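>>> Whatever this is, show me its structure:
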Amino acid sequence: MRMENLEIWEQRIQVLSPYQLRLKVVLDYSTQMINLFWLDVTNITNWTNSHKTWTESNAQTSNMVTDHTVGDLDTNKNYNITVSDVDAKVHIVGINGTTCNTIGINRVCKSDNDGKIYFRYDGGYSPHTFDIVAGDNTPPVATATPAGGTYGASRDVTLSCVDDSSGCNHTYYTTDGTTPTTGSTIYSVPVTISTNTTLKFFLLI
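Numbering: from 1, shown residues only. Here you go, the predicted model:
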């Protein structure tokens, strides 16, 4: 009986997959000058380490940029940021070391070691309500079936992913022992293993 050895390695990659509120200078690009404007902050609610909501308004309705520092958050956690009547994915970017990504329909920013998020908003004021809520911070669980081992015949290996929140994206894999990348084969059907093989894969969420 011929015996084949199947090695399986798993790697996970989590894509990055907001009481303190400080507002800095507001820029008026229409005059190519830096001007200071009053910014009204009202309706401060849900002010916890996992959820913060407030409303901003100003007489200037366009060509406005504001830098925000939001603190008293859990450290190194993902937070979804939305702005009423505005596409936050377009008008919010991370600054001062804060990483922000677009995951699905959400703009997701990660708090730092001090529990702070720094972001820049350039969507104008009419007014708008900002909402920052803790996002998905649990990585998905991936499994390969059957597990690595020695078998007496070929096997079809199934790669599966379970995630209770944002859901799994693509699973990339290789069968030649190299480390998979986003340029590797995307898993769609069971992988047939008939010789000694090292199967490596990772999840992109």
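
>>> In the record's domain split, what are the boundaries for the protein?
Per the record, the chain has its domains at 4-13+139-204, 20-134, by automatic domain parsing.

>>> can I get those domains in a markdown table with mean neighbour count?
For glycine as for every other residue, the C-beta is placed from the backbone atoms N, C-alpha and C. Shown next, in a markdown table, are the domains of the chain (neighbours: other Cβ atoms under 10 Å):
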| stretch | mean neighbour count |
| --- | --- |
| domain 4-13+139-204 | 15 |
| domain 20-134 | 16 |
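
>>> Adding mean pLDDT, write these out as JSON lines.
Formatted as JSON lines, the domains of the chain follow (pLDDT from 0 to 100):
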{"stretch": "domain 4-13+139-204", "mean pLDDT": "78"}
{"stretch": "domain 20-134", "mean pLDDT": "81"}
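
>>> how near is Gly177 to Phe130?
Distance, Gly177 to Phe130, by Cβ to Cβ, to the nearest Å: 48 Å.

>>> Leu73 looks like it's in a strand, true?
No. Residue state for Leu73 (DSSP: H, G, I helix; E, B strand; the rest coil) corresponds to coil; a strand is not indicated.

>>> Cross-check the contact I'm expecting between it and Thr48.
No. Look at Leu73 against Thr48 with Cβ atoms under 8 Å: they stay out of range, at 9.3 Å.
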